[in-house]
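Visitor: Build me a model from this:
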Amino acid sequence: MPTAKKAQTIEELTELLARSAIAITTDYRGLTVSQMTQLRRRLRESGAEYHVVKNSLARLAAEKVGKSGLAQVIQGPTALAIGFGDVAAPAKTLAEFTRTTRLDLPIRGALLGDSVLSGPDVSRLATLPPREVIIGQVLGGLKSPLYGLANVLAAPMRGLVNVLNARVQQMEQSAG
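Guide: I've put the predicted structure just below:
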């Protein structure tokens with residue numbers, strides 16, 4: 001039977017995981033208090049939270065919410081970057097933080113919906129362009145065939161107009 005404090009921690013983690021879009025597991029060893037504060041601030045700005053958790057409590061909370069896949073990426077000293085909005089934002093923030101501070105902050109993996117991602121998968125997620133750019137690319141890809149179809153359908157009409165204009169000019173020259 002967990003103590004009252006552990007039960008409260010499980011409830012808090014359960015609530016966070018229930019609302020989360022992504023949960024990224026990292027190792028936090030080697031971070032100073034000021035670096036941890038700086039990382040938490042950056043993650044908060046990107047719509048995420050960073051919590052150092054006990055593995056057993058995190059596993060219990062994940063099972064309680066139905067996200068038991070998270071247990072696959074929890075090992076050793078663990079901190080969770082829990083994102084609530086854009087799923088790529090926490091991964092980008094973690095990658096940017098490790099790049100700018102030159103710290104070794106290993107990303108072990110993540111739980112994205114019901115899918116378990118490996119550390120390299122999370123790193124690839126961090127390199128994705130912003131959501132708006134991806135939407136623009138998809139829309140551009142959808143519009144391109146439509147413009148092509150419109151040009152193909154309009155080509156016979158343009159050809160007919162060109163032939164008629166040429167005939168009109170020919171008749172004007174022969175009359176004048």
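Visitor: Which residues are in contact with Q169?
Guide: When the contact criterion is Cβ atoms under 8 Å, 6 or more residues apart in numbering, Q169 has no partners at all. Bear in mind the C-beta positions are built from the backbone N, C-alpha and C, glycine included.
Visitor: For burial, what's the neighbour tally of F84?
Guide: Using other Cβ atoms under 10 Å, the number of residues around F84 comes to 16.
Visitor: Retrieve the pLDDT associated with it.
Guide: pLDDT, the model's per-residue confidence, is 88 for F84.
Visitor: R19 is in contact with that one, correct?
Guide: Yes. The pair F84 / R19 is scored as a contact, 5.7 Å apart, by Cβ atoms under 8 Å.
Visitor: Report the contact partners of the residue nearest to D104 when sequence neighbours are not counted.
Guide: Spatial nearest neighbour of D104, chain neighbours left out: G30 (6.3 Å); criterion: Cβ to Cβ, 6 or more residues apart in numbering. Residues counted as contacts of G30 (Cβ under 8 Å, 6+ apart) are 103-105.
Visitor: give me phi/psi at G30?
Guide: Per-residue torsions, G30: phi 100, psi -10 (degrees, to the nearest 10).
Visitor: Which PyMOL command selects the buried ones in the contacts of G30?
Guide: Entered in PyMOL, the line below selects the buried ones among those, by 16 or more other Cβ atoms under 10 Å:
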select buried, resi 105
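Visitor: about what we covered before: could you measure from the residue nearest to D104 over to G69?
Guide: Counting by Cβ to Cβ, to the nearest Å, the separation of G30 from G69 is 27 Å.
Visitor: buried ones in the strand or helix carrying S123?
Guide: Applying DSSP states H and E as the criterion places S123 in helix 119-126. Taking 16+ other Cβ under 10 Å as the neighbour-count basis, helix 119-126 is seen to contain the buried residues 119, 121-122, 125-126.
Visitor: For N165, state which of these is nearest.
Guide: Proximity of the buried residues of helix 119-126 to N165 was ranked by Cβ to Cβ; the top entry is L125 with 56.3 Å.
Visitor: ok so, going back, quick one: list the elements packing against the helix holding S123.
Guide: The elements that helix 119-126 packs onto, with contact taken as 3 or more Cβ pairs under 8 Å, 6 or more residues apart in numbering; DSSP states H and E, are helix 88-101, strand 107-112.
Visitor: Could you check the angle the host helix or strand of G141 makes with helix 88-101?
Guide: Counting by DSSP H and E, the element that carries G141 is helix 131-175. If you take axes from the mean of the first three to the mean of the last three Cα atoms, to 10 degrees, helix 131-175 sits at 100 degrees to helix 88-101.
Visitor: Could you state which residue of the chain sits nearest its centroid?
Guide: Using Cα atoms, centre = their mean, the residue of the chain that lies closest to the mean C-alpha position is A88, 2.4 Å off.
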